[in-house]
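*Asks:* Sequence and predicted structure below; questions after.
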Amino acid sequence: MSFSAPIAFLLQAAAEEVVEAAPEATEMASSAVDQSTLLSLLFEAGPVGKFVMLLLVVMSMFSWAIAFSKYGGLSAARKKNLTFLKAFRRVGKLADMNAASEQYRPAPLVTVFDYGYEEVARQVNTHGRIVNADSIDRALSLATSEESSRLQQGLSLLATTASSAPFIGLFGTVWGVLQAFRGLGQAGGATLRAVAPGIAEALIATAFGLFAAIPALIFYNIFSSQLREIRTRMNDFGLEFFNLAERDYGEGDGVSDAKQRSIR
């Protein structure tokens, strides 16, 4: 909003100059058509403008690379989770599921299962049954936290691009407007030839900032939603695991300290 008045002034002054000098305006319009391609405008930008646009292009490329990688990783994790969960409910025995869990990686639920099973095995091998439910709960929570952190890798760059790219583009816009005023001062009058390069540089920087920020923001929101779903699935699985562990190795299964048993 703060840049609309200066830009409007420049465009109005240029329009008045065109009305007063129609032949000159026609010649400049023809020249502008010849140099109106995006590539030529990029090459004509100043060093600061080129740096801003190059930075935004690099940020956009990294965002798209992370998006493709994260899409494949999260899709595979969700599919493997469903397959592992079906097998877990079908088998119904921790020891049997432990023997077949490796084939379901990289399902995050496998990591949660491994952490929980390791703690259950330690207690059962030592005491013959589960004696500390809180330790199992902590092991399951730790696995959920570690898997969530692993799956979230790269999202910080998407968030950074989505939040900072518009401001970087705005900096390029400000610089382009300043260049337009500079050209206006050097020309000694408001002409289209004097202000066009600066205005074009300003608008292109704005467009590059939006081009980098909008996809990054969309990807970040989509992946954040999928990660929340996976984390909820891991929390729910922890409850299922704990119930099965109590049924197999809890105090209510008739196993006493005198009747020791071990699991592997």
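*Replies:* Received, thanks.
*Asks:* Identify, by residue count, the longest helix of the protein.
*Replies:* The single longest helix within the chain, with elements called by DSSP state H, is helix 192-249.
*Asks:* Just list what that helix packs against, helices and strands only.
*Replies:* helix 4-20, helix 22-34, helix 38-44, helix 47-91, helix 94-100, helix 108-127, helix 133-151, helix 155-187 (3 or more Cβ pairs under 8 Å, 6 or more residues apart in numbering; DSSP states H and E). Quick note: C-beta positions are derived from backbone N, CA and C, even for glycine.
*Asks:* worst average pLDDT in those?
*Replies:* With a mean of 44, helix 22-34 has the lowest mean pLDDT of the helices and strands packed on helix 192-249.
*Asks:* before we move on, the earlier item: if you compare the helices and strands packed on helix 192-249, which one is most tucked away?
*Replies:* Burial of the helices and strands packed on helix 192-249 is given as mean neighbour count (mean count of other Cβ atoms under 10 Å); helix 108-127 ranks first at a mean of 20.
*Asks:* and the angle for that helix with helix 133-151?
*Replies:* Helix 108-127 and helix 133-151 are oriented at 150 degrees to each other (axes from the mean of the first three to the mean of the last three Cα atoms, to 10 degrees).
*Asks:* Tell me what angle helix 108-127 forms with helix 47-91.
*Replies:* Going by the same axes, to 10 degrees, helix 108-127 makes 50 degrees with helix 47-91.
*Asks:* Distance from helix 108-127 to the middle of the chain?
*Replies:* On the basis of Cα atoms, centre = their mean, to the nearest Å, helix 108-127 sits 33 Å off its chain's mean C-alpha point.
*Asks:* Can you give the distance of the longest helix of the chain from its chain's centre?
*Replies:* That offset, for helix 192-249, works out to 4 Å (Cα atoms, centre = their mean).
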